[in-house]
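1. How does the following fold in three dimensions:
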Amino acid sequence: MKRFCALLLCLALAAPPALAAPADAWPDWAEEALSWGREVSISQELLRVPEEAVTRGMAAQLLYEAAGRPAVAEECPFSDVSGAYADAVVWAASQGYLTGVGDGIYEPSRPVTRQEFAAILWRRAGSPAAAAQGLNQFQDAAAVAEWARVPVLWSLQAGVMAGQGAGLLAPGGTITVAEALVMLERAHSLPDVAQLRADLEALTASHRPIGSQGEADAVQYLRERFEEMGYTVTLQPYTDSQGRTGHNVIAVRAADAPDADILVLSAHHDSVPTAYGANDNASGAAALLYAAEALKDVDTDTELRLISFTDEENGKNGSRAYTASLTEEERARMVGNIQFDMLGGLGSDSTLVCTMDGEANWVSDLLQKKNPELTRDAETASDHASLQLAGVPSVLLMQDGQGYLYHSAADTADQLDLYAIAEAAETAAAAAAEVCGAETASYQELAREQGEGYTYRQTRQNVIYFSSSKADTEAYIGAAGELADTW
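-> Reported below is the predicted structural model:
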């Protein structure tokens, strides 16, 4: 009998250990976040339970593990926290991401709501400002707590948070591990927009019509920013028919070869006289600076010209003066133009890549390759029209629609979606970096094929009314012409 029991014991010891309970299957929509979670070493204890509701302790642990488990020296300030989540809670509280509930209590086992997690990620991002509108699309917008409005608005505008379908946001609902990891991964991937915000605030300090002190201040600011990045900067003056003078700001990274391709990235920095012009078009000028920063050290055999034009608002006059000044040799080398104008405004939720006639060219194709979410459209109302009519394949990156604040006094920097501006600039910079690569062939032959002989093409999107004067028509198109007849 003893020998039989001993045999049973040996068999038990030799048998493989019992398998751990299988992990819950991750939903398909969270697969990217799961891959990121594995990369940053989120613990299996959390990754095994994607459908479990996140508690305050788990929220601290997610943040702590995503940060690389920093060393913790402080004593825990909460009497109800010990064990597994102690280091995470102490660290998250020391960073200001989480707080207690009063009387030295943290409540680590209490579930976190969606708006609470949005607020945690908002504080983690530095408590950025957010445009005041954006909740009206949800039927339960009134359920967002007052303290959570800015964090929730920021989370929505940054793409960190989304609705739950059927027009609902469910701000007070619980959040699962999978949902929290998706939000954390998106927040972690956001670009740093601190400099973009500073550029916008500086450029919108005053109104900037041509000839104004505000326009002169913007020119000086742009010049200094480009020079700080190492670009060679020149100012090109333009004086209008009323004697008002403004300047085009031209920043250049030269190429070694004298016959190198020239790629132009551009915007305009002037505004209408009655507006601070954050959306139209400090947003484009700030995007140009953002792209310039990304390209300042890229290896290039292509000459980069980053140009901020004056007096776009009165008929693309700054860009028309610039193209008129080009030599034939420069025109032959100029292969493409990407213009930034009106990005990230309220009332818009996507970005367009526009050509003058809505047809593709090599620049629009490359941008859509870098960002497949871009939709192609037709638009003539910006400085890309001047370069296209000078024989340079050109596109405009702009928001879909004029938005709520077009040319109004309320068009201020705090009403813009900085992440939409950054995304457009990053797309353009990625395309430009590919063009600059030594392995990329010259675009001069293709550019001449697509640019030479280009004439203005009337479309349904671009209406010129019968009563328009010659000057108005020239301003709309962006090129000089002859009046053929009058009625």
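
2. Can you point out the buried residues in the helix ranked longest in the chain?
-> Counting residues, the longest helix found in the chain (DSSP state H) is helix 418-436. Under the neighbour-count criterion of 16 or more other CB atoms under 10 Å, helix 418-436 has 418-433, 435-436 buried. For glycine as for every other residue, the C-beta is placed from the backbone atoms N, C-alpha and C.

3. Who are the packing partners of it?
-> helix 194-203, strand 262-268, helix 283-295, strand 334-340, strand 351-355, helix 362-370, strand 394-399 (3 or more CB pairs under 8 Å, 6 or more residues apart in numbering; DSSP states H and E).

4. With mean neighbour count and mean pLDDT as extra columns, can I get those in JSON lines?
-> JSON lines is the format used below for those (neighbours: other CB atoms under 10 Å; pLDDT from 0 to 100):
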{"stretch": "helix 194-203", "mean neighbour count": "19", "mean pLDDT": "96"}
{"stretch": "strand 262-268", "mean neighbour count": "27", "mean pLDDT": "98"}
{"stretch": "helix 283-295", "mean neighbour count": "27", "mean pLDDT": "98"}
{"stretch": "strand 334-340", "mean neighbour count": "29", "mean pLDDT": "98"}
{"stretch": "strand 351-355", "mean neighbour count": "23", "mean pLDDT": "96"}
{"stretch": "helix 362-370", "mean neighbour count": "19", "mean pLDDT": "98"}
{"stretch": "strand 394-399", "mean neighbour count": "29", "mean pLDDT": "97"}
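
5. Need the ones you listed in a markdown table (columns: distance to residue 210).
-> Output for these, formatted as a markdown table (distance: least, CB to CB, whole Å):
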| stretch | distance to residue 210 |
| --- | --- |
| helix 194-203 | 15 |
| strand 262-268 | 10 |
| helix 283-295 | 15 |
| strand 334-340 | 18 |
| strand 351-355 | 24 |
| helix 362-370 | 28 |
| strand 394-399 | 21 |
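
6. Which element is encountered next along the chain beyond the longest helix of the chain?
-> helix 444-451 (DSSP states H and E).

7. For that following helix, enumerate the helices and strands it packs against.
-> Against helix 444-451 (3+ CB pairs under 8 Å, 6+ apart) you get helix 328-333, strand 334-340, helix 362-370.

8. what angle separates the last one from helix 444-451?
-> By that I understand helix 362-370. Angle, helix 362-370 to helix 444-451, by axes from the mean of the first three to the mean of the last three CA atoms, to 10 degrees: 110 degrees.

9. what's in contact with helix 362-370?
-> Identification of contacts with helix 362-370 by CB atoms under 8 Å, 6 or more residues apart in numbering yields 336-338, 353, 355, 374, 376, 393-395, 397, 427-428, 430-431, 434-435, 443, 446-447, 450.

10. Could you rerun that using 7 Å?
-> 336, 338, 353, 355, 374, 376, 393-395, 427-428, 430-431, 434, 443, 446, 450 (CB atoms under 7 Å, 6 or more residues apart in numbering).

11. again with the first one
-> By CB under 7 Å, 6+ apart, the residues outside helix 328-333 that reach it are 259-262, 390-391, 444.

12. Just the buried residues out of those, in PyMOL syntax.
-> The PyMOL selection below is limited to those of the contacts of helix 328-333 classed as buried (16+ other CB under 10 Å):
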select buried, resi 260+261+262+390+391+444
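
13. so can I have JSON lines of the contacts of helix 328-333 showing distance to residue 280?
-> Formatted as JSON lines, the contacts of helix 328-333 follow (distance: CB to CB, whole Å):
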{"residue": "259", "distance to residue 280": "37"}
{"residue": "260", "distance to residue 280": "33"}
{"residue": "261", "distance to residue 280": "30"}
{"residue": "262", "distance to residue 280": "27"}
{"residue": "390", "distance to residue 280": "23"}
{"residue": "391", "distance to residue 280": "27"}
{"residue": "444", "distance to residue 280": "33"}
